[in-house]
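Student: Curious how this folds, go ahead:
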Amino acid sequence: MKKIIDSPKNFVNDMLRGIYLAHPDKLTYVDDDMHAMVKKDITPGKVGIATGGGSGHLPLFLGYIGNGMLDGCSVGEVFQSSSAQQMLSVTKAVDSGAGVLYIFGNYGGDKLNFELSAEMADMENSIRVTSVIGKDDVATDNPENRRGVAGIFFVYKCAGAAAAEMLDLDEVTRIAQKAADNVRTMGVALTPCTIPRVGHPSFEIGEDEMELGMGIHGEPGVRRGQLTTASEIVTEMMEPILKDMQLSEGTEVAVLVNGLGSTPLEEQYLAYGHIHDILSACGLKVFHVYVGEFATAMEMAGFSISVFKLDDELKRLLAKPAATPFFIQPQL
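Tutor: As a prediction, this is how the structure comes out:
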């Protein structure tokens, strides 16, 4: 294992320390727990938006704390859920009287701990909490079992813009759910990744192989086979996305091409060229494109494609400016 670390045991704490030192004017933590990260400037009377999950996915999850997006995040160990107590600390810190919205991925540990945190926030602090769960990964047939992957970025963006407009908790939750319902993602992995505490790759894949639909923790995909051309890979990834969405001609969409940790931007943009051709052939209009690392899996090579169906409301909110230590978007 070759990694630039001091101690596998302290990897997450050392990483978090660096983030706080790099952005002291924007981020802080509560209850003496670096794993409970919040914005320094919580807006009075605004709906608080909180997320959380395991480390190893930067800039997901904590990278989207900032103006126009999230207010706080509970941070777990690599690929492990944060605790309910950490999430409760974040919840209390970001609540300014208008309630708190949780946005998180569809994973067992996250669901259990977020639900427990919401119950404690209500019983102990009278904080009203609502939840929206990301389920954008079309690699799983049953929509209720789908994993939350890179497409959750669009949920953060639209919900954060709605909260910045000082809409109430019910409205911000409605918009977040609407965004979650209109995004689909498919990924492909070319190499494994290594969790520092484990010290060896989480799975094996041949030098000439790829796995379509692999999850961001190395969960099994839908097909493993010979590595093919970029055009063929994109075509196979786009087919289940478009089939599931059933978009009519003339629909506007936003696209996210997301590197998983070790895929050069050159290859991501090459892939987008093929995505653009497919969308154009379907008569779909591309409003905005995001290319880069938005939800990684340590140093895994591969990428994912997310397609976000827009209407006037979602388009307006997506276009709103946002600024976090890891992401900046001017007004579109």
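Student: Show the average pLDDT along stretch 274-283.
Tutor: Confidence for stretch 274-283, expressed as mean pLDDT, is 98.
Student: From here on, call the first residue 47.
Tutor: Taking 47 as the first residue, the last one we looked at is stretch 320-329.
Student: Can you point out the buried residues in that stretch?
Tutor: Judged by neighbour count (16 or more other Cβ atoms under 10 Å), stretch 320-329 contains these buried residues: H320, I321, I324, L325. In short, each C-beta sits where N, CA and C put it, glycine included.
Student: same check, this time on stretch 264-276
Tutor: Neighbour-count burial for stretch 264-276 [16+ other Cβ under 10 Å]: G264, E265, G267.
Student: just to revisit the earlier point, so which of the buried residues of stretch 320-329 belong to helices?
Tutor: In helices, judged by DSSP state H, the following of the buried residues of stretch 320-329 are found: H320, I321, I324, L325.
Student: Among the buried residues of stretch 320-329, find me the one that's closest to G155.
Tutor: The closest of the buried residues of stretch 320-329 to G155 turns out to be I321 (Cβ to Cβ; 32.5 Å).
Student: Return the residues in contact with the closest one.
Tutor: I321 is in contact with V280, M284, V301, V303, I351, counting by Cβ atoms under 8 Å, 6 or more residues apart in numbering.
Student: Against A276, how distant is it?
Tutor: Counting by Cβ to Cβ, to the nearest Å, the gap from I321 to A276 is 10 Å.
Student: Export the buried residues of stretch 320-329 to CSV and append columns for distance to R243.
Tutor: As requested, these are exported to CSV (distance: Cβ to Cβ, whole Å):
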residue, distance to R243
H320, 38
I321, 36
I324, 40
L325, 41
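Student: circling back to that earlier point, which one of the buried residues of stretch 264-276 is nearest V184?
Tutor: Set against V184, the nearest of these by Cβ to Cβ is G267 (11.3 Å).
Student: ok, and the closest non-adjacent residue to that closest one?
Tutor: By the measure of Cβ to Cβ, 6 or more residues apart in numbering, the closest residue to G267 outside its immediate chain neighbours is G259, 3.3 Å from it.
Student: before we move on, what about P367?
Tutor: Residue nearest to P367 in three dimensions, not counting chain neighbours: Q377, with 4.8 Å by Cβ to Cβ, 6+ apart.
Student: Near the one you found, how many other residues are there?
Tutor: Neighbours of Q377 under the rule other Cβ atoms under 10 Å: 7.
Student: Would you mind measuring from it to H334?
Tutor: 12 Å.
Student: Tell me the residues that contact both of these two, please.
Tutor: Here Q377 and H334 share the contacting residues A365, scored by Cβ under 8 Å, 6+ apart.
Student: can you list the domain ranges for this structure.
Tutor: Under the assignment automatic domain parsing, the domains of the chain span 57-227, 229-364.
Student: how far does the shortest one stretch from start to finish?
Tutor: Length of domain 229-364, first residue to last, Cα to Cα, to the nearest Å: 13 Å.
Student: which of the ones in helices among the buried residues of stretch 320-329 lies closest to Y202?
Tutor: I321 (21.7 Å).
Student: Could I get the full set of strands for this structure?
Tutor: Using DSSP state E, the strands assigned to the chain run over residues 73-76, 79-85, 94-101, 118-124, 146-151, 175-180, 229-235, 255-258, 269-272, 298-305, 331-338, 348-355, 368-369, 374-375.
Student: Dump these into JSON lines; add distance to I65 as well.
Tutor: JSON lines is the format used below for those (distance: least, Cβ to Cβ, whole Å):
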{"stretch": "strand 73-76", "distance to I65": "7"}
{"stretch": "strand 79-85", "distance to I65": "8"}
{"stretch": "strand 94-101", "distance to I65": "11"}
{"stretch": "strand 118-124", "distance to I65": "10"}
{"stretch": "strand 146-151", "distance to I65": "20"}
{"stretch": "strand 175-180", "distance to I65": "23"}
{"stretch": "strand 229-235", "distance to I65": "25"}
{"stretch": "strand 255-258", "distance to I65": "31"}
{"stretch": "strand 269-272", "distance to I65": "35"}
{"stretch": "strand 298-305", "distance to I65": "20"}
{"stretch": "strand 331-338", "distance to I65": "18"}
{"stretch": "strand 348-355", "distance to I65": "24"}
{"stretch": "strand 368-369", "distance to I65": "16"}
{"stretch": "strand 374-375", "distance to I65": "16"}
